[in-house]
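K.L.:
Give me the fold of what follows.
(2 chains)
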Amino acid sequence: MGTLELDNLTKIFSDPDEGEIVAVDEFNAEIKDGEFLILVGPSGCGKTTTLRCVAGLEQPTRGDILLDGESVIEKKPKARNMAMVFQNYALYPHMTARENMSFGLRMTTDLSNDEIDDRVNEAAEIMGIEDLLEKKPSELSGGQQQRVALGRAIVRDPEVFLMDEPLSNLDAKLRTQMRTELQDLQQDLGVTTVYVTHDQTEAMTMGDRIAVLNDGELQQIGSPDECYSEPANQFVAGFIGSPSMNFFDVELRDSVLMSEDFDVTISPEIEREIDGDGSEYVLGIRPEEILSEDAAEGGEDRFTIDVKVVEPLGDVTYLYADINGKEATIAVDRSTDLEPGDRISVAFPVDEIHLFDSQTGDAIINRGAPAADAFVTEDESTTEKTEA
Amino acid sequence: MSDDHELLFEPPGTLRGRMERFAAHGYLFVLAAFTAGPYVVMMLLSLMGNGWAPIFPVKLIPEAWSFQNYINVWTGNTALLDTPFAIFFMNSLIYAGGATLTVLVIDTLAGYAFARLKFRGRDATFLIVVGTLMVSPVILFVPLYTWLNQFGLTNTRVGVILPLVFNGFGVFLMRQFIKTLPSDLEDAALIDGCSRFGVFWRIVVPMMKPALMTLGVVTFIVSWRTFLWPLVLTRDQALYNMPVALGFFTGRTGTLWAPLMAGAAIALVPMVIIFYALQDYYVRGFTVGGLKG
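P.N.:
Take a look at the predicted model:
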């Protein structure tokens, strides 16, 4: 078993110059046995601090951490039965790969040398590093070092894997390969995993659930699809997805969301959710949901834009244009022959728009429908949302 | 180096290039001669008979080569000093070795504390430690002597070693080096089951080999050649180190040049060996300010 619960986890650092810094603010989450949870957020959002608190490398200021219902807050890192993989691999440079992998077992168990060797060989086989065991880290490539670091974590047979941006030092190709391997490995071993990253792709593809953090606060925890399609607030909407969601300031007048460059006529269902005339919102729409050219023709709310930049990426082409004085991104088919300077029609389909409170940033409408209520418990829905 | 040469000089095929190289090598030869000269003279005089005196015309080439001076000095068979040099050599080894080992232990622990542990007043304390580098050792002579006297440590080996040990340089060097080591390694070791001291001993110390060698070499060489402090602190001849003992070859009636030079040559041997074996580390000791910190 490896059910991990974070109960009001709070970590405050005291800095002589800047006073108190709240790195993690009342983080609540339950990570089920065998689940792969991704902690994602911008630099300084508290994701690594959360991981370090779980590992026992930082002592939380308040709150509790429970493993299978038992508090581990007073336990030393070695007694928590967790293994951690670090961004720079953290392999001991004076030890061979075998010594690195067996070090934890030697320190924490009374297994015989033969038993330790067997377990190291087994882990090495899983990671495909049997030939590297007698080499020192300096003789290994980045990818090989990462495999040894993962092997070191596996060999301990822990209840929880903690991974702190383990792929960020690898080149793009290797990162993609290791991403898949890590997913396979986690599924095969079925070990509860908390994985910290700031990488969009890793967040969207690897985990069962994503926890999005900002300024130490949990913004949303849910499946990648939920966080993408039903963001709890403007921060999540902007952070999840690449390129980012487009945001525009709009004002409600006579069932129409109006702005300088465009109008969107809303449905009665949306209107029921929002305040009356004159109220202001932030409208969000993903680049791939914006209708352009032929698709936009015939729509009542279409408007024209001047294409500034055309960015073909192979599988998709992005157009950049100014809308309401802000740069907007529009995804179009890769076969487009549009060029900078072209004028095209676009439209925002009302069933794809998101509306956010202009003051709090909370989501009111997600993809044309009312957003899920705040503080929905895990029993009722897999998506949680905290106060913004 | 060859690249540097190419940048410094005209091509070797040209007259100007040849002249530049000749001038540069000539200059280096003169510098080398000035530097090596005293050592050559030392070796030559140490191989002469006892009667050498600095009179004109100066005679530098021995008429008969002999190692007798070395034997006399090593066994204590000279007119001004009857204690065997072997004892002074051993004392020097004890002082330099003791100081080096103690410095390595204390400074590594202190450097680790200053680099890694969080405690109130850490930075202020470190500033004070580094600030001691600005204090001339001579100023500390009287208070230190008084202090050691109160502890009954004058005229003892421990008394000679102790003042050699406390030096902000080593703490600074160790702290700077430890700060360059990734702290993830220590976190990994904590998770792997090490105690805080276990992390230090099993992970940090093995990674500090270059810094330990540097500090060890610098401390050994400085302690080996220390003169004033053992001179002031020791009264028994049996406690003298080599530099103090060498001073006794100069008496009221004159200087025993040949034994003096033989003794100096003996004193030089360990330093030459250590320097040649570990010169990279010694040089690194002087570039510590350039370490990433």
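
K.L.:
A:Tyr281 sits in which helix or strand?
P.N.:
strand A:280-285 (DSSP states H and E).

K.L.:
so how far is the helix or strand that that strand is followed by from its chain's centroid?
P.N.:
Moving toward the C-terminus from strand A:280-285, the next helix or strand (DSSP H and E) is strand A:291-292. The chain centre lies 28 Å from the centre of strand A:291-292; the measure is Cα atoms, centre = their mean, to the nearest Å.

K.L.:
Now do strand A:291-292: which elements does it pack against?
P.N.:
Packing partners of strand A:291-292 (3 or more Cβ pairs under 8 Å, 6 or more residues apart in numbering or on different chains; DSSP states H and E): strand A:343-347. From N, CA and C alone the C-beta is placed, and that goes for glycine too.

K.L.:
Can you give me the buried ones in the strand it packs on?
P.N.:
A:344-347 (16 or more other Cβ atoms under 10 Å in any protein chain shown).

K.L.:
Show me the contact partners of it.
P.N.:
A:290-293, A:295-297, A:299, A:301-307, A:319, A:330, A:338 (Cβ atoms under 8 Å, 6 or more residues apart in numbering or on different chains).

K.L.:
and if we set it to 10 Å?
P.N.:
Here strand A:343-347 makes contact (Cβ atoms under 10 Å, 6 or more residues apart in numbering or on different chains) with A:261-262, A:264, A:290-307, A:319, A:321, A:323, A:328, A:330, A:332, A:336, A:338.

K.L.:
model confidence over it, on average?
P.N.:
What strand A:343-347 shows for mean pLDDT is 91.

K.L.:
ok, is the host helix or strand of B:Leu101 in contact with chain A or not?
P.N.:
Taking DSSP H and E as the criterion, the element that holds B:Leu101 is helix B:85-116. No: residues of helix B:85-116 are not located near chain A by Cβ under 10 Å from any Cβ of the partner chain, the shortest gap being 12.7 Å.

K.L.:
Next, the buried residues of the next helix or strand after that helix.
P.N.:
Counting by DSSP H and E, the next helix or strand C-terminal to helix B:85-116 is helix B:122-131. If you call a residue buried by 16+ other Cβ under 10 Å, then helix B:122-131 has these buried ones: B:126, B:129.

K.L.:
helices and strands around helix B:122-131, which ones?
P.N.:
Contacts defined by 3 or more Cβ pairs under 10 Å, 6 or more residues apart in numbering or on different chains; DSSP states H and E place helix B:122-131 against helix B:85-116, helix B:168-180.

K.L.:
Return the alpha-carbon coordinates of the shortest one using CSV.
P.N.:
Extracted in CSV, the C-alpha atoms of helix B:168-180 (Å, rounded to 0.1, in the frame of the first residue of the first chain):
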residue,chain,number,x,y,z
GLY,B,168,40.7,31.2,8.8
PHE,B,169,42.2,30.2,5.4
GLY,B,170,41.3,26.6,5.7
VAL,B,171,37.8,27.2,6.9
PHE,B,172,37.3,29.6,4.0
LEU,B,173,38.7,27.2,1.5
MET,B,174,36.6,24.3,2.7
ARG,B,175,33.4,26.3,2.9
GLN,B,176,33.9,27.6,-0.6
PHE,B,177,34.5,24.2,-1.9
ILE,B,178,31.6,22.6,-0.2
LYS,B,179,29.3,25.3,-1.5
THR,B,180,30.2,24.2,-5.0
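
K.L.:
and the angle from the helix or strand following it to helix B:85-116?
P.N.:
Of the helices and strands lying after helix B:168-180 in sequence (DSSP H and E), the nearest is helix B:183-191. Between the axes of helix B:183-191 and helix B:85-116, defined by axes from the mean of the first three to the mean of the last three Cα atoms, to 10 degrees, the angle is 90 degrees.

K.L.:
mean confidence score for helix B:183-191?
P.N.:
Averaged over helix B:183-191, pLDDT sits at 93.

K.L.:
tell me which residues in it are buried?
P.N.:
Neighbour-count burial for helix B:183-191 [16+ other Cβ under 10 Å]: B:184-191.

K.L.:
Distance to A:Gly104 and mean pLDDT added to the helices and strands packed on helix B:122-131, as CSV?
P.N.:
CSV is the format used below for these (distance: least, Cβ to Cβ, whole Å; pLDDT from 0 to 100):
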stretch, distance to A:Gly104, mean pLDDT
helix B:85-116, 21, 93
helix B:168-180, 23, 92
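
K.L.:
Now tabulate these in TSV and tack on distance to B:Trp65 and mean neighbour count.
P.N.:
Listed next are the helices and strands packed on helix B:122-131 as TSV, based on distance: least, Cβ to Cβ, whole Å; neighbours: other Cβ atoms under 10 Å in any protein chain shown:
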stretch	distance to B:Trp65	mean neighbour count
helix B:85-116	20	20
helix B:168-180	42	22
